[in-house]
Each structure stands twice: as C-alpha cells, then as structure tokens.
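J.: A predicted structure for the sequence below; I have some questions about it.
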Amino acid sequence: MDPETVNELLVSALPVATAGAAYVLTVAGIYLNNRYRNNKLVQALVVLDHIVIDVVKDLNQTVVAELKKARADGKLTPDEALQIKNKAIDLILSRLGVNLIKELQRSLGPVVSLIATKIEAAVYDCKKSFKGAENKKPASSVTPLKKTNHLTR
C-alpha cells in the first residue's frame, strides 16, 4: 500500500475509532456507577434490617415486657403500641446515620414510612416465632419408649 493511502485512512479512521472508544468508556462508566449505587443500596438495606431487628428485640425485652406485665390482660393499648413504635423509629434513625438515611431516601423515598413498615414486619416475625416456640413441647415432656424384653414372651 502506498503511504499516502495509509495516511488518508488513518486521518479518516482515527476520529471514528476515538469516538467509538469514548462511547464504550462512557457506557462502561455508567454501568459501573449504577452497579456501585445498587451495591450501596443493598448494603444500606441489610444494615437497616439488622438495626430494625435489634431495636425491636431490645424494646420487646425491655419496654413491651414491662408494660404487658403491668396489665391484667397482658396486652398493650393502641396508644402504648404507637408510643413504642415511635420510640423504635427514633432509635433506628439515630443508629442509621446521615449517609445511610440519604442513600435510602434517594432510592426508596420517605425513610420513616419504610422504617415503620420494617418495624411492623419485624414485630410480626417476632410474635410468630414466639407463638411457634409456645406450641412446641419441651424435650423433657417427651415420654420415653418402654423397654421390652422380647425374650420373655
């Protein structure tokens, strides 16, 4: 090939190759940025779940247990339940931190309603596991099998 032809091909192909490379790098950057954001959101949701479960268990053992003992029927009033829920929301928000709250809010909207929903789910799971534990018999109540001597028949 003639050097002039090679020079003309390079002059016309180089801008196209540069634009193609810039496009590929831009798409790769967008992909990596979205993946990073999704990873941050997943991490924030995992941390939120752990904090909600811990706070619900903590309040259940301390506040709820004491209030239920103080009542004859062993149940909370709607006002008491609302106060405990608000206390749980405050505790969770204080433990989450500003960065996690911003991440959750940017992706999922109002954080307080999300936390309230997670609290209700955790309370339901806690009650469900407690009732399941009540229905199971302890190992000591299982009657042992009678030993029989087959030779004495």
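T.: Nice, thanks for sending it over.

J.: what comes up buried for the worst-scoring helix or strand of the chain on mean pLDDT?
T.: The helix or strand of the chain with the lowest confidence, counting by mean pLDDT, DSSP states H and E, is helix 65-70 at a mean of 80. Neighbour-count burial for helix 65-70 flags residue 67 (criterion: 16 or more other Cβ atoms under 10 Å). Heads up, the C-betas are built off the backbone N, CA and C, glycines and all.

J.: Let me see the mean pLDDT of the helix or strand following that helix.
T.: Once helix 65-70 ends, the next helix or strand along the chain (criterion: DSSP states H and E) is helix 78-96. Mean pLDDT, computed over helix 78-96, is 92.

J.: Can you name every helix or strand that the longest helix along the chain contacts?
T.: Using DSSP state H to define each element, the chain has its longest helix at helix 3-59. Counting contacts by 3 or more Cβ pairs under 8 Å, 6 or more residues apart in numbering; DSSP states H and E, helix 3-59 packs against helix 78-96, helix 98-108, helix 111-135.

J.: Arrange the ones you listed in CSV, one row each, with distance to residue 37 and mean neighbour count as further columns.
T.: What follows is those, written out as CSV (distance: least, Cβ to Cβ, whole Å; neighbours: other Cβ atoms under 10 Å):
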stretch, distance to residue 37, mean neighbour count
helix 78-96, 18, 15
helix 98-108, 8, 15
helix 111-135, 17, 13
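
J.: okay, the angle between the longest helix of the chain and helix 98-108?
T.: In terms of direction (axes from the mean of the first three to the mean of the last three Cα atoms, to 10 degrees), helix 3-59 departs from helix 98-108 by 110 degrees.
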